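Asks: Model the following, please.
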Amino acid sequence: MAFSDRVLDVLATESSQKALKWLILLALVLFVAMFVLFWYAGPSFSERDVVFELKGPSQALSGDEAIYTLTYKNNTKTTLHNLRLRFFYPDDSIVPQGDEFVQDESSEGLTLDDLSPGDKGEREFKIFLIGDKGDIKTAKVEVLFNAGSLRSAFTKSSAVTTTIVGLPIPLTLAAPPSAVSGQEITYIIDYRNESGTTISDLRFEVSYPDGFAPRQFSPKPAEGNSVWLVPVAKEGAASRITITGTLTGNERETKVINLVLKRKIGSGYVDYERASSTTVIGSPLLNVTMTVNGQSNYAALIGDTLDYAVTFRNNSRSNLIGLNLSVKLEGTMYDFATIQPGEGFFNDSNSTITWTAGALPELSALSPNAGGTARFKVRLKSSLPSGSRTTSVKATATISTTNVPQGIDNSEISAQRSIITRISTQPTLSQVLYYNDPSFSSSGPFPLKVGQETVITIHWQLTNPGNSVTGTVVKGTLPSNVTWKNVTSVGAGQPQIVYNSNTSEVTWNLGTLPFGTGVGTPKYEGTFQVGITPSSTQVGTAPVVIKNVGMSGKDEFTGLDVSSTVRDATTNDFIDRSGEGAVQQ
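Replies: Down below sits the predicted model:
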């Protein structure tokens, strides 16, 4: 082989070795790059570092606005994109949508902008929660997203629960638990605004059971025979709706009456609260009724004695034997220490009076169309218990026998009737006179002297432990030798005291006297000054300063007229100079 050929072979070998080295080096670089990409691009994403958290109130009143806040953050090193979010509303929520409000909306969907590493954000969802006391409302959010170039989609969710702890306007829908087909019954709706503020535009909608024919209402419905409108419900205001009619149906059939209280939000009404009550069509074989002080719808005053008459009757064609009669009393206003059970036995543990054949012979054997009456009395307490807003009491009478005549497919024959008695609470008016009032300047001699004027300051004070009183007016008359000084003072937001020179009357027209005035809240107080100039014929006497003072109004809950009076005030009645008011020459 020539020298030149060997040189060529050596050069070819060296070139091949260099190419091999470069290929090995390139493979090593690619391996390292793939390793770095594997560890720092792929496995670096962790779903747990994507934070979506929903927060909201743990407790709320029905009708409250609830704000749920969704906070989110990308704690990974990968950009999140295609984020699709859905917020699930609690059941029965009212959802604002622009100027409108929508109820029974189940969820809302929206998309979010891409989240780069370290990005965070926040979204709020405002709704009104509706439910009964004790209901647990759940709000939930679900988010679907993609991470970087990973093909798989990821899902995150978060939920929060809110407990309904109270109702702004507690409803009581009372229905007789049982009735005979064709019997006249009364449904009673009681409500009170306990929200702490005035509520406007309320609507009561009643759905009657099949077989009920309404015929009498108090007050009358605003629409048809089942809708009542309340434009304004003031704080603490309580009222009642009664519906009387005839209920028909088959024996043992359950009749349900439903009530929906709606509130106007925006341009429409939305459900606010609900209530329902049931009546079972019972056996027509027995009947029981009750009256209080001779009336089926008696409205009582605090401290009243309630005289109950429980009348029962056998409507069947068979003799009924071994009957038992009982009346259960419910309500904190009963003064059980005063109960007079008549021939019955009062059980203190369950507040129930029972009669057996030993007390009422008619209960041993009641022939067809025969009946009887049991009577008892109990007084109401003379004042509301501390912190109580109870303004009614309830008595439920039950008569039954397990001695069922042949041919009657029942294990027991029974009848039941309840009666609710509304209680009208009595406001109190007091009158105080000062010679030297701490807040007003006085003038004139004391003791009083003939022909010289002495200026007197008079305070009227009102307390109202119970139901709101509408049309509240306080009036008094000034004698001929007493003049109006046109100096007055009243509490914040209260109407002024005025004087009519034509009638010599001082008038304080208050309108509505809220419940609880002077009990946990300040008394209503009005102050004014008068001047008295005694004559020589009054020497040695204490002349009258103001007379015929009294308060009048109407109990908003019971509809009863209420009043309170004070005795005529003389110059001996000064709180700071008591008994020193005799006129001197």
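Asks: contacts, neighbours, all on C-alpha from now
Replies: Will do.
Asks: and the closest residue in space to Ala175 that isn't next to it in sequence, what is it in contact with?
Replies: Nearest non-adjacent residue to Ala175, counting by C-alpha to C-alpha, 6 or more residues apart in numbering: Tyr187, 5.1 Å away. Each residue near Tyr187 by C-alpha atoms under 8 Å, 6 or more residues apart in numbering is listed here: Leu173, Ala174, Ala175, Pro176, Thr242, Ile243, Thr244.
Asks: And the fourth one, how far from Thr425?
Replies: If I follow you right, that is Pro176. Counting by C-alpha to C-alpha, to the nearest Å, the separation of Pro176 from Thr425 is 26 Å.
Asks: who's more crowded, these two?
Replies: Thr425 (26 against 18; other C-alpha atoms under 10 Å).
Asks: what's the pLDDT at the more buried one?
Replies: The model reports Thr425 with a pLDDT of 72.
Asks: swap in the one 5 residues further on?
Replies: Confidence per residue is given as pLDDT, and for Ser430 that number is 93.
Asks: My guess is it contacts Val474. True?
Replies: No: counting by C-alpha atoms under 8 Å, Ser430 does not reach Val474; the two are 10.8 Å apart.
Asks: what about those two, which has more around it?
Replies: Val474 (23 against 17).
Asks: What segments of the protein are helices?
Replies: Applying DSSP state H to the chain gives helices spanning 3-40.
Asks: Following the record's annotation, map out the domains of it.
Replies: In terms of domains, the chain is parsed into 48-166, 168-282, 284-424, 428-570 (source: automatic domain parsing).
Asks: Let me have these in CSV, extended by distance to Ile24.
Replies: Shown next, in CSV, are these (distance: least, C-alpha to C-alpha, whole Å):
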stretch, distance to Ile24
domain 48-166, 30
domain 168-282, 77
domain 284-424, 91
domain 428-570, 92
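Asks: So for Val583, which of the ones you listed sits nearest?
Replies: domain 428-570 (4.7 Å; C-alpha to C-alpha).
Asks: Run through the bridge partners of Tyr308.
Replies: Val292, Phe376 (DSSP bridges).
Asks: what's the burial count for Val482?
Replies: Val482 has 22 nearby residues by other C-alpha under 10 Å.
Asks: Wait, it touches Val530, no?
Replies: Yes: with contacts counted by C-alpha under 8 Å, Val482 reaches Val530, the gap being 6.6 Å.
Asks: Relative to Pro405, which of the contacts of Tyr187 is nearest.
Replies: Pro176 (26.0 Å).
Asks: Now for that closest one: which residues touch it?
Replies: Ile185, Thr186, Tyr187, Thr278, Thr279, Gln416, Arg417, Ser418.
Asks: Quick one, grab the pLDDT at the residue lying closest to the second one once chain neighbours are set aside.
Replies: Sequence neighbours aside, Thr244 is the residue nearest to Thr186 in space, at 4.3 Å (criterion: C-alpha to C-alpha, 6+ apart). Predicted confidence (pLDDT) at Thr244: the value is 95.
Asks: Let the chain start at 216 from now.
Replies: Shifting the count to begin at 216 puts that one at Thr459.
Asks: Wait, Thr459 touches Pro429, no?
Replies: Yes: contact criterion C-alpha under 8 Å: Thr459 and Pro429 qualify, at 5.8 Å.
Asks: quick one, what contacts Thr722?
Replies: Thr722 neighbours (C-alpha under 8 Å, 6+ apart): Val688, Val689, Lys690, Gly691, Ile712, Val713, Tyr714, Asn715.
Asks: Most neighbours among the residues you listed, which one?
Replies: Val689 (23 neighbours).
Asks: ok, the residue nearest to Thr401 - contacts?
Replies: Contact analysis of Thr459 by C-alpha under 8 Å, 6+ apart lists Glu399, Ile400, Thr401, Tyr402, Pro429, Arg430, Gln431, Phe432.
Asks: Now tabulate the residues you listed in a markdown table and tack on pLDDT and distance to Thr293.
Replies: Putting these into a markdown table (pLDDT from 0 to 100; distance: C-alpha to C-alpha, whole Å) gives the following:
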| residue | pLDDT | distance to Thr293 |
| --- | --- | --- |
| Glu399 | 86 | 74 |
| Ile400 | 91 | 71 |
| Thr401 | 94 | 69 |
| Tyr402 | 96 | 65 |
| Pro429 | 94 | 69 |
| Arg430 | 91 | 72 |
| Gln431 | 93 | 72 |
| Phe432 | 95 | 69 |
